[in-house]
Structures are given as structure tokens and as C-alpha cells.
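Novice: What would the 3D arrangement of this be:
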Amino acid sequence: MSNEDVDLAEVLGTQESAWLEFKRTPKREGKRGDAIANAVCAMANDLCGRGGGDILVGVDDKGMPVDDVDVSDQALLQLTEIRDTGLILDRPSLTVTRVVYRGKSVVRLHVAASENPPVRFDGVIWVRPGPTTRKSNREDERVLTERRRAKDLPFDTRPLQLAHINDLDLDVFRQSYLPSMVAPDIIEENGRPVELQLSSLHLLTPDPAGTPTTLGMLTVGLDPTSHVPGAYVQFVRYQGIDLDAPIADEQELRQNLVGLSARLEPLLRSNLRTRLVEEGFRETPRPDYPLEALRELCMNALMHRNYETSYAPTRIVWFDDRIEITNPGGPFGQVRDDNFDRVTDYRNPSLAAALKGLGYVNRFGRGIGRVRKALEDNGNPPAEFQVDDSSWVVVIRRAV
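Specialist: Numbers count the residues shown, from 1 in each chain. Next up, the predicted model:
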């Protein structure tokens, strides 16, 4: 029996609760910002421990369906976009369907409880302690953080047993990382100690000892490779088209991701060469590679690589006719070598969320499409992907 054959009033009830919210229209903006996204975030945080919750769009505050709700495919698609904008971190599991409620068609957003709370929308943690959505307080945040600790975590949020909070660069955390991940008014309002701030962002375990996680070491560690040996980038520039050519430049970038990104972009820029291309009566400068595509490929390599069982670095090898970017770790989860350009999964989900929050990647699941378009617009051949069980190689060739 499909969703459209069951009247959900019999299943979900007719009153708002900590796991059920009504919205009259799919209009997302309101007095408190994006009301539907706030509610999605709150359901994912699942403060009451019900396993998630539901938002019914097209139902008024009294639990009665309205007549003018848009239940078209386009309306469902727009609501589904909430999941993929990258503003809700970590990204929730969300399904949007057309259902029957009290005899009329409405839209149901079903949100699964996050395996890795607390979840934030635009830097703010939202919860539902009852039939209202509100910003979390310190105790709510502590409950969510402790809940995360009790679960089997992905490698990027597991503790590094030999690490200490002194191995983290707290200046980088306060000045660069925290303002990118948490709304400024929330930082000012809460006044949380740094240990709780680190723990809330999955950079430190929530126990009294406060052990840095892999994510903490990668993003703000003083020396990430001291605890995660493969956490660096090897850059090699050859004066030729094969490995026998003379080496023009060779560097190892061993900083945390905040420092690495600041160093990587000027390094890439310095190796680009620009030519003039005639377009009508004008000559337009055009680089041999689009920087946007290089940046996207490099940051995606860092995001998806296998940090757990490989000590190999992410490699950027620059020849006269092409660039090869290699990262350890084959397809993960539901991703295969025949669907990687259409399907997204995350070996390092919290690292992906951090890179999105820091602005190093844009929208989830759009990287390959952005790379293809940037290459096409710049006149480069399409990217070539070589995927096996243990590594990814992306080859982009110089524009001619």
C-alpha cells in the first residue's frame, strides 16, 4: 500500500508534537528565517529520541488540511532542495512525498534522526523539546553531543587516542573555523567554554578528557600528519609530459585544512599559464586550466579520500599537457565506478560538512557537474576518471 493510499492522520495523529509539525504553506521564509529548514534540523536532532519526525505542509495549526496547498512535483522538488543546499550540516536523511491527511493531499517531509548530532542549520542548532521548534540551549547541546558519543562513529569523528587538546591550533579554531560553522550571534549568546565548542563541532570527544577526533586534527591540528600520517598533499610539477621529465617544483603541504587551502590556491594559480583568445573583435585572456575546476577536484579529493587505512598522500602531478590528481580510497557506500557522477556518498561525512561550512566546496553532489562545465567553458577536453577499488585518479588536459 502506497503513501497516497493511507490517511496519515491515523498514523501520525492530529496534534503537533516533538516529532510532528504542521506548516500551512511550502513558503519557507518567515519571521524566524527559514521555518521549514529549522524544523528539518530539529527533527534530525531528535531531542526526544523518537528516531526522527515529520513535517506536514498543507496543514494548519489546528491540524486541518488547507485547500490551496501546492502538491505538484515542482513543489516537492523545491522542498527536497532543503537537503542539498549545504546549509544543514551534517546533511540529514530526508524524503519528500505526496500523502493523504484527513482526506486531502498534503506534502510530507520525513526526517530521520541524525547519526551524528548536533545538526545545524546555517550555524544554529534547532531542537523540538515539545510542539515548537526553538534554538538549543547548553543542556540540549550537551544531550545531543553525548548521544553522538554512544554511537558507532565514522572514522572522521573517532577519537585519536594519543592526541591531546594541545595538539589543536585553538587560534585557528576561534578565528577561522568557529565563525565559519556557527552563527556569530550564537557564539556571542552562548559563551560556551572552548572544550564544549570543539565537542559540539565534532572536533573533540565530549568526555571529560576531551580527546581530539580525526576531524579536529585534520581541520585545525597543529601537525595533522603526526596522528593521521597520510593527511598531506604532494605537489609535483614536471617540465615535460612523463615521469622521466625534469622536476620544476616539488612541495609537501602538511598543514591543517584551513592552512592548506590558503596555501594551495596560490600554488595552483602560480602554475597556470594564460593565453589570449580572439572572441569577435576582442582578445580574452584564458588560462590553460580553469581554476574553479582545479579547486573543486583538489578539495573533493581531500574530502573523499581514505584517511583510515592508507598513509599515501593526495597527489597533484602537473605535466606540460595535463594534470593528474590522485587520492587513496576507491568508491564508498552506494557509489560505484559506473555511477559516481550521479550518486553521492560520504566516507568522511563530518569532514564533508566542515569543508562545506568553510566554503571550500559548494553544494553537495554537484562537484563533477561543476568541473565538467568549467572545463567545457574554458575549452578543455572532458575530465578523465580512472577508478578502482583502492584509488581515484582524475586527469584534466590542457586547453589548446
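Novice: so where's the chain uncertain?
Specialist: By pLDDT under 70, the low-scoring segments of the chain are 1-5, 28-33, 149-152, 187-191, 280, 362-365.
Novice: Tell me which residue of it is furthest from the middle?
Specialist: residue 281 (43.2 Å; Cα atoms, centre = their mean).
Novice: quick one: that residue and residue 238, what's the gap?
Specialist: 38 Å (Cβ to Cβ, to the nearest Å). Bear in mind the C-beta positions are built from the backbone N, C-alpha and C, glycine included.
Novice: Can you name the residues that contact residue 331?
Specialist: 337, 340, 387, 389 (Cβ atoms under 8 Å, 6 or more residues apart in numbering).
Novice: run the last query once more with 7 Å
Specialist: 337, 340, 387 (Cβ atoms under 7 Å, 6 or more residues apart in numbering).
Novice: List the backbone torsions phi and psi for the second one.
Specialist: Reported as degrees, to the nearest 10, the phi and psi values for residue 340 are phi -60, psi -20.
Novice: list the contacts for it?
Specialist: So residue 340 contacts 331, 387 (Cβ under 7 Å, 6+ apart).
Novice: Quick check: the gap between it and residue 368.
Specialist: With Cβ to Cβ as the criterion, residue 340 and residue 368 are 7 Å apart.
Novice: Closest one to residue 36 out of the contacts of residue 331, please.
Specialist: Distance to residue 36 across those (Cβ to Cβ) is lowest for residue 340, with 30.8 Å.
Novice: which SS state does the most centrally placed residue in the chain fall under?
Specialist: Central residue of the chain (Cα atoms, centre = their mean): residue 353, 3.1 Å from the mean position. Look at residue 353: counting by DSSP: H, G, I helix; E, B strand; the rest coil, its state is helix.
Novice: So it versus residue 143, what's the distance?
Specialist: To residue 143, residue 353 is 20 Å away according to Cβ to Cβ.
Novice: Kindly report the same for residue 339.
Specialist: Applying Cβ to Cβ to residue 339 and residue 143 gives a distance of 38 Å.
Novice: swap in residue 331?
Specialist: In terms of Cβ to Cβ, residue 331 sits 36 Å off from residue 143.
Novice: cool, and residue 7?
Specialist: 34 Å.
Novice: which residues in the stretch 51-200 of the chain form strands?
Specialist: Here the stretch 51-200 of the chain has its strands, by DSSP state E, counting those that start in this stretch, at 52-57, 88-89, 94-101, 104-112, 120-121, 124-127, 134-135.
Novice: how about these, which one is nearest residue 383?
Specialist: Of all the strands of the stretch 51-200 of the chain, strand 88-89 comes closest under Cβ to Cβ, at 27.2 Å.
Novice: which helices and strands sit right next to the closest one?
Specialist: Applying 3 or more Cβ pairs under 7 Å, 6 or more residues apart in numbering; DSSP states H and E, we find strand 88-89 packed against helix 35-45, helix 349-357.
Novice: Need these in CSV (columns: distance to residue 195).
Specialist: Formatted as CSV, those follow (distance: least, Cβ to Cβ, whole Å):
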stretch, distance to residue 195
helix 35-45, 21
helix 349-357, 18
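Novice: quick one: which of those helices is nearest residue 194?
Specialist: helix 349-357 (17.1 Å).
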